[in-house]
Structure formats: C-alpha cells, structure tokens
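A.B. asks: Sharing a sequence plus its predicted fold:
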Amino acid sequence: MGPVFIQNTGRRYNLQDNCGLNSWLIQCTLLSLPFMYFKLRGVMEGFNLSTAGKKIFGALFTLFLVLYTTAAMGKGPLTLGIHPFQSAKVLQRQFSPLVEYLSHRLDRPVELRIGSSYREHIECVGRDLVDIAYLGPLGYVEMVDRYGLKPLIAGQEVNGRPFFNGVIFTRANSGIVSLADLNGQPFAFVDPHSTMGFLLPAFVLSQSNPTLLTQHRYQFLNTHENVILGVLCGDFIAGAVKEAVFDNYKQNGLKELARSPASAEHLFIARNGLSSAELGALRRAFFDLQSLPEGVAIMQAIKPTISAFVPTKDSAYNSLRQVLRALAEKGLLDE
C-alpha cells in the first residue's frame, strides 16, 4: 500500500483536521469496552455457567482487551506533518519515498499531512496533533517559544553542512545593483514564519534598507517558487528565497543582490508522548539513511543536496532567536 496524503486546505473540521482521528476512534472503542463486558456477562449468565466457566470467560475477555489495546495503540498510523513551502503536488513527490521508507522500517503505516499554512502547521505540531514533524528553523523556534520543547529526531545536513543560506535577488535586466536601489519598489517574501523567505532577509534589509520594511512595500506569496515566479513575471522588483531554490532558477535570468546569514538547517521532531522505544526507532531510521543503498535517493527526493540526517540540539537555533529579538526591538516584526 502506498503512502497516504492528507492536505489541509484551510477548511476547519472537528476531530482536529484528521490529526487526532485515529486516537479518537480508539478512545471511543475503549470507553465502550466496559459496557460490552457487562452486556456479554449478562448474556453468559443465561447459560448458567459454572464458577470455572465464568472465570474462563473473564480471562478470555481480559486477554482480548490486552491484545486489542496493544494493537490499536502500538500499530496505528503515524502522521508526518510538513509545512507548505512548495505546492502540495511537489511536496507529495518529495516526501513520498521517506513516507514509504518509514512505513517499512517502523512496520506501521505513515501518513503525510501538508499544512494549509506555516502558522497552521506550527499550531498542529505544538498541540501534538502530528507524530513526526518537519520544520524550518524559524518555525521550530516559534513553536518552542509558544508550546515548549519537543523531542528532537534529526537535523538535516546539506553537502555535509548542518546550516544553509538565503538569497535576496532580482532579474538580471532590472537595473537594480544594490539593496539601496529597492526603495519604493514592490518586494516579495514567502511567509512571515519562513526563515530564508522572510526573517533573515528582513534582518539584512533592516541594516541596508530599512525603509522597504517600515513602508511595508512587500507582500507574502506563500511559497518560494511563487516568489521566484513573481519576480520573473515583473510583478515584483526583487524577492527573497532559500539558496537552493534560487540556484534552481537563476539560469532563467536572475541575479543575486545579497546573501542572508547562515542558519541551522531544517529538522524533524516528535510529539510529546511517544515512547522512548518509538523515538529511538525513529532516530535510527533517519540516521541510517546515509548508509543504506536506497538512502541517498530518499534524502535527495526531499532536497538534492541533502547528504545526511544527524543529531541536533535546541541550542543550534539560538542565533536565530537573537535575530528575532533584534528585529522585534526595531519594531520590524508584525504580530
């Protein structure tokens, strides 16, 4: 059976947008078990069973209860949540090899859930509504600030480095040669919760051209690819994206104006409540990818330059927290 994809398109459902559906069904079933027991016991009384027969019945029901709850709680599907940094079609293609690998490695189904927005994804992760989550650096920092620490699974390395950069760019024929030339011109960001699609480029602009930020001459276009296309089509004079996306499109007539400071890379985390055995199995599954024959293809489906998943720690994101504080002190972050 192939991977299951859940895309949250913004419509609000009960049962927490499918995130808690499986656990809800299990809870309902478990709550009904005492009723089932006494109902069956009443039926069995009609057969005038001996004391030994009643004990056997009780033992068999207890065994059924243990086996059912073990299967239901231990082998239910895991949900892998990701933020919508690309279109749903692209994200499904990028993450389906990982979903299939984890399903086989963990011997239980894994479902892919695509958030409807960066903010919605952060809320879903923070409320423990997904079992495994892929987060960008800023999304992780904001999630921890609001909901507290979660168990870390692995950070990604790109070309052997656990950090990455962003690019502020324009069209090659725009006539723009420096950030100072952007005054009064429309600028494109990705999302206010994006590390390289907003936060770090905004930090660079706050030092070189704060007017662009204070006059709010910018828009958020939701994905990195949208920013690229918005600049190429001439709707925006410049934009900011992560380095890998810029590199994919620069041959189409783009040029770099500035580079954002480096940040610790994206990471996978787990919800609170996973057992130590489950968490250990997840970590081993990610760490082993670089040494498996199929591992390179699985990693590079997500991003062609990923070379490994490695241990990471919360303190790796402290420099990003400093940038957040600096921009907040200047009043350049919208609430």
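C.D. replies: Done, it's in. Please read these numbers as outputs of a predicted model, since none were measured by experiment.

A.B. asks: By mean pLDDT, point me to the weakest helix or strand of the chain.
C.D. replies: Using mean pLDDT, DSSP states H and E, the weakest-scoring helix or strand in the chain turns out to be helix 14-17, at a mean of 32.

A.B. asks: So what does the closest residue to Pro109 other than its chain neighbours look like in phi/psi?
C.D. replies: The spatially closest residue to Pro109, leaving aside those adjacent along the chain, is Pro77, at 4.0 Å (CB to CB, 6 or more residues apart in numbering). C-beta coordinates here come from the backbone N, C-alpha and C atoms, glycine included. Main-chain dihedrals, Pro77, degrees, to the nearest 10: phi -70, psi 140.

A.B. asks: do the same with the one 5 residues further on
C.D. replies: Torsion angles at Ile82 (phi, psi; degrees, to the nearest 10) stand at phi -130, psi 150.

A.B. asks: so it bridges to which residues?
C.D. replies: Ile114, Tyr134 (DSSP bridges).

A.B. asks: just checking, it touches Glu111?
C.D. replies: No: in this structure, Ile82 is not within contact of Glu111 by CB atoms under 8 Å, at 11.5 Å.

A.B. asks: Which one's more surrounded, those two?
C.D. replies: Neighbour count, other CB atoms under 10 Å: between Ile82 and Glu111, Ile82 has more, with 26 against 20.

A.B. asks: who's in contact with the more buried one?
C.D. replies: Leu91, Phe95, Leu112, Arg113, Ile114, Gly115, His121, Ala133, Tyr134 (CB atoms under 8 Å, 6 or more residues apart in numbering).

A.B. asks: Tell me the one among those residues nearest to Thr214.
C.D. replies: Thr214 lies nearest to His121 out of the contacts of Ile82, by CB to CB, at 28.8 Å.

A.B. asks: burial measure for the closest one, as a count.
C.D. replies: 27.

A.B. asks: try Gly155
C.D. replies: 24.

A.B. asks: go on, Pro97?
C.D. replies: 18.

A.B. asks: and the gap between the residue nearest to Pro109 and Ser275?
C.D. replies: 16 Å (CB to CB, to the nearest Å).

A.B. asks: And the two? Which one has more around it.
C.D. replies: Pro77 (14 against 9).

A.B. asks: Could you report the separation of that one from Leu102?
C.D. replies: Distance from Pro77 to Leu102, by CB to CB: 11 Å.

A.B. asks: and the contacts of Ile82 as CSV, adding distance to Phe236 and pLDDT?
C.D. replies: Output for the contacts of Ile82, formatted as CSV (distance: CB to CB, whole Å; pLDDT from 0 to 100):
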residue, distance to Phe236, pLDDT
Leu91, 24, 97
Phe95, 29, 98
Leu112, 31, 98
Arg113, 31, 98
Ile114, 25, 97
Gly115, 25, 97
His121, 25, 98
Ala133, 31, 98
Tyr134, 28, 98
